[in-house]
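Peer 1: Let's see this in three dimensions:
(one chain, ligands or ions: 1)
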Amino acid sequence: MQTKNGGTTKISGASKTTGVSESTPLYETNIPGGTSPDRTDRTDRIPFAWPKLLTENGRGIAFGGDYNPDQWPEEIWGDDIRLMEKAGVNTVALAIFSWDRIQPTEDRWNFGWLDRIIEKLGKAGIATDLASATATAPLWLYEKHPEVLPRDKYGHQVNAGSRQSWSPTSPVFKEYALTLCRKLAERYGSNPYVTAWHMGNEYGWNNREDYSDNALEAFRAWCRRKYGTIDALNQAWGTTFWGQEMNDFDEVLIPRFMGADSMVNPGQKLDFERFGNDMLLDFYKAERDAIAEICPDKPFTTNFMVSTDQCCMDYADWANEVNFVSNDHYFHEGGEMHLDELACSDALMDSFALGKPWYVMEHSTSAVQWKPLNMRKRKGETVRDSLAHVAMGADAINFFQWRASAFGAESFHSAMVPHAGEDTKLFRQVCELGETLRTLADAGVQGSELERSDTAILFSAESEWATRSETLPSMKLNHWHDVRDWYRAFLNAGSRADIVPLKYDWSAYKTVVLPTVLMLSAADTQRLADFAAAGGRVVIGYATGLIDENFHTWLGGYPGAGNGLLHDMLGIRGEEFNILGAEAEGEPSEIRLGDGDSAASADSAVSVLNGATTRLWQNDVNVTGEHAQVLATYAGETADEWDLDGTAAVTRNPYGAGEAYFVGCDLDVSDLTRFVRGCLAVQSPKDAPSPESAESAKSPESAESPDVLHTVRKSPEATFDFYLPRGKKEIALHGIEGEPIVLFRTEQGEESGSYVVHRNGVLVLRR
Ligand code: GAL
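Peer 2: Just a heads-up that it's a prediction; the model follows:
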């Protein structure tokens, strides 16, 4: 049984696995990385364990993809393996959608095909990450038990035929799923070629919200556990509003459709989001534990869906329940934003992994098939994207999928082997990638830890969910997009920030930025205050700290988190929000910013944002702090029309040994860049006392080129520098130390340490 904090789990103990060797576990735990105290003192995690490859020493960068041999006649399998060997594939994720093939009828089990393919792959040195196969259930199960199907908010039953067409709270479905898990564990628990368990697939992709009667009953139980008494629940949801007071937990409702213009109680809706997350996490744990009881010694993972356009689950919690974290990342056709977005998503993954390596479980070699327009990748991007994930801390590069399907919903999705076959540009790139990953592995990249920044942008899944409420001053709020904009602004300013879950420990950073962290509890506000008091720099965005964890508005002026502690820290107090973007005739669409209060400060920071524009949200604030500096005001005719002319827009306030900035309006990436460069790229108070740290403080002069994404991965043996151009322009590097390991679309200059890295190129050096 997997238990938290070591517990009775055997994953970190001796392996009972037969096969390769009785005493050799199929995983390793002593990978360096994640060694700083805030990352190791975690008592709420199951132990880290990383699947070994079938190489002699078990090491290497995992490379491969989802493999669906059940879509093909067995005659093709041999060719698959030949091509996998040619490309250097060493891992596949198998049987993700194969439940119907494994259990064709309720009392018939068919493992023969799976035995054969695992064996064939294993003999060729290709390890299997074996799915629990519960992502799609067989049709006979739905015929027999239609009650396992989820319902939408209108009460319509979802039909079978796609994926995750099951209710996570259905006891009937769970029983079938766990039976399958146990069968798989019994059959493959000691198979030496199966080196990891791939639980489900993207839990929540199609059943994140379920409004079935099963869900209703489970939600009532969940509320009872969370609140204990109905009075506490009434209080939390504010049910005196619109006469919703409940006498008992039997009256608790799930937010089903209540009429076209009705609005769901935001506190209830938020709890329903949390509940959905918890039910799927419980389902995952039940599957995992069913397998672990029989096979305790193979690592467990499940593929997250982290990219800056989605926030399905609170993965900060999920990461505690896997032996290694893995992610599916699909590129954004955002032109020059493509790489920035990838790095931003990966920065959050690296935090979930606590500095240990993590898996790219899926990405695409080129176009997907699920958008209105599916662009292929540009020249170089197939290899570049994969290496960018490695640059950001990944030690496993896998694709959806190995061979492009000939039929079905995803046949026009790119794959490692395209429809045109082996003699193609794409397959040659796949082979080149396989070889490059081998080079990186041989050079010792595996297990090295991504160097951390001294700035953390804080991410909160709950705030992301809260911003989707239709009851806010603007429905255009988007926490994740604001995190991404700040991330890009730091890159533009020549420094790279980390992205860290709010609920983790970020106290070791020098600066923390909270963009649209709508929800702040009193405890989190206190953590911020303690951090600033001890010399930290806190940057608060325009819609941060407005509500508490029950979606109650903090009173006494905005942002009132912690009963006013937040606005006291900032030295301002907001009275109203000014919302633009209504697009009505004659309405202004933006407000200009002017200089700050130069009388109060000779600081050049007061003119940094002159001419910047805000288009969505402005806080109408008074300056209350005796020492607060106004760094920018609203200015001009439009500001005046809205009674904002001369009102503080961006401020700085000393707090204890640290300081707190308020960016009181939305700004685009270029204006945020100006703010980061002009106001944050100076010594943070945490640097000031010690000469050594002052030396390492980022100043505008010491900042790196904004044209390059530069990351550093370190192991006890070596340091690796990755350089990737962010834009269309090639970048020229001079005086760079280190032995070149990978020169992808890169030329070495005559002078030692000089390179030209072309668009979508990657340079990796070892020091
Ligand atoms: C993922 C999914 C894969 C495949 C892929 C297509 O969400 O896990 O099975 O559907 O998308 O991009």
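
Peer 1: Which segments of this structure make up each domain?
Peer 2: When the chain is parsed with automatic domain parsing, its domains come out as 27-211+273-445, 455-680, 707-766.

Peer 1: where along the stretch 301-450 of the chain do the strands fall?
Peer 2: 303-304, 326-328, 358-362, 394-399, 449-450 (DSSP state E, counting those that start in this stretch).

Peer 1: The ones you listed into TSV, with extra columns for mean pLDDT?
Peer 2: Shown next, in TSV, are those (pLDDT from 0 to 100):
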stretch	mean pLDDT
strand 303-304	98
strand 326-328	98
strand 358-362	98
strand 394-399	98
strand 449-450	96
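
Peer 1: Include mean neighbour count and distance to the ligand when you put these into CSV, please.
Peer 2: For the C-beta atoms, the positions are set from N, CA and C on the backbone; glycine is no exception. CSV is the format used below for the strands of the stretch 301-450 of the chain (neighbours: other Cβ atoms under 10 Å; distance: least, Cβ to the nearest ligand atom, whole Å):
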stretch, mean neighbour count, distance to the ligand
strand 303-304, 28, 7
strand 326-328, 24, 5
strand 358-362, 27, 6
strand 394-399, 27, 10
strand 449-450, 26, 25
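
Peer 1: For whichever residue of the stretch 601-750 of the chain sits closest to the ligand, give me its contacts.
Peer 2: For the stretch 601-750 of the chain and the ligand, the shortest gap (Cβ to the nearest ligand atom) falls at residue 724, measuring 23.4 Å. Going by Cβ atoms under 8 Å, 6 or more residues apart in numbering, residue 724 touches 339, 384, 387, 388, 391, 708, 709, 710, 757, 761, 762, 763.

Peer 1: Quick check: the first one touching residue 707?
Peer 2: No - between residue 339 and residue 707 there is no contact under Cβ atoms under 8 Å: 11.3 Å.

Peer 1: Those two: which has the busier surroundings?
Peer 2: residue 339 (23 against 17; other Cβ atoms under 10 Å).

Peer 1: Can you get me a residue count around the closest residue to the more buried one other than its chain neighbours?
Peer 2: Among residues not flanking residue 339 along the chain, residue 726 sits closest, at 5.7 Å (Cβ to Cβ, 6 or more residues apart in numbering). Residues near residue 726, counting by other Cβ under 10 Å, number 21.

Peer 1: can you put the domains of the chain in TSV and add distance to residue 227?
Peer 2: Formatted as TSV, the domains of the chain follow (distance: least, Cβ to Cβ, whole Å):
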stretch	distance to residue 227
domain 27-211+273-445	12
domain 455-680	10
domain 707-766	44
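
Peer 1: how about those, which one is nearest residue 258?
Peer 2: domain 27-211+273-445 (9.2 Å; Cβ to Cβ).

Peer 1: how far does that closest one sit from the chain's center?
Peer 2: Taking Cα atoms, centre = their mean, to the nearest Å, the mean C-alpha location of domain 27-211+273-445 is offset from the chain mean by 15 Å.

Peer 1: Name the stretch from the domains of the chain that approaches residue 237 most closely.
Peer 2: Closest to residue 237 of the domains of the chain, according to Cβ to Cβ: domain 455-680, at 7.2 Å.

Peer 1: Report the rounded mean pLDDT for the closest one.
Peer 2: Taken as a whole, domain 455-680 has an average pLDDT of 95.

Peer 1: swap in stretch 201-220?
Peer 2: Per-residue pLDDT over stretch 201-220 has a mean of 97.

Peer 1: Over to stretch 139-154?
Peer 2: Across stretch 139-154, pLDDT averages out at 97.
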